[in-house]
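Asker: here you go, sequence then predicted model.
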Amino acid sequence: MSTRTPAQMQDIAAHLTLVADDQAASKSTADAACDCHTDDRTSDSYAADKAKLLARLRRTEGQVRGVARMIEEDKYCIDVLTQISAITASLRSVGLLVLQDHIRGCVIDSPDDEREGRLDELNLAIERFTKSAG
């Protein structure tokens, strides 16, 4: 375990603050982008893929438990990293499917007077997704 200097700790704290501020700004921009945004929104845009999404997420959940077990059992680093890569790919595919369904169901099918707000919201969502998906 490495020891960090106070200056390094301050740099880390500053970075985390910047990240939190950026996330808060993105959320408030997304909220402002669409007049219909509320915390209790629901969607049926992915209803046709719901079973597939849930199956993938359950499989991924099992993979995460498997990685935890591998760590507990001190398995080889590369084997752990391989499983983490598979988890990341699985979540990326779930995210892409939800994104596709959102475009079809929430953006394309939105009323004309809401379309611009939905497009702004979509652009922000794509930006967040591509950051997290690497």
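Answerer: The structure has been received and is ready for your questions.
Asker: can you list the domains in the protein?
Answerer: What automatic domain parsing lists as the domains of the chain is 1-33, 48-134.
Asker: just the mean pLDDT for the longest one, thanks.
Answerer: Per-residue pLDDT values across domain 48-134 average out to 93.
Asker: over to the shortest one?
Answerer: Throughout domain 1-33, pLDDT has a mean value of 55.
Asker: which residues of the chain fall in helices?
Answerer: Counting by DSSP state H, one finds helices in the chain at the ranges 6-33, 50-72, 77-102, 112-133.
Asker: now could you export just the CA positions of the shortest one as CSV?
Answerer: Written as CSV, here are the backbone C-alpha positions of helix 112-133 (Å, rounded to 0.1, in the frame of the first residue of the first chain):
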residue,chain,number,x,y,z
ASP,A,112,-43.0,18.1,-31.9
ASP,A,113,-43.0,20.7,-29.1
GLU,A,114,-40.8,18.4,-26.9
ARG,A,115,-38.4,17.1,-29.5
GLU,A,116,-35.7,19.8,-29.1
GLY,A,117,-35.5,19.2,-25.4
ARG,A,118,-35.4,15.5,-25.9
LEU,A,119,-32.5,15.9,-28.4
ASP,A,120,-30.6,18.0,-25.9
GLU,A,121,-31.2,15.4,-23.2
LEU,A,122,-30.1,12.7,-25.6
ASN,A,123,-26.9,14.5,-26.4
LEU,A,124,-26.0,14.8,-22.8
ALA,A,125,-26.9,11.1,-22.2
ILE,A,126,-24.6,10.1,-25.1
GLU,A,127,-21.8,12.2,-23.7
ARG,A,128,-22.1,10.6,-20.2
PHE,A,129,-22.4,7.1,-21.7
THR,A,130,-19.4,7.4,-23.9
LYS,A,131,-17.3,8.7,-21.0
SER,A,132,-18.3,5.7,-18.9
ALA,A,133,-18.2,3.1,-21.6
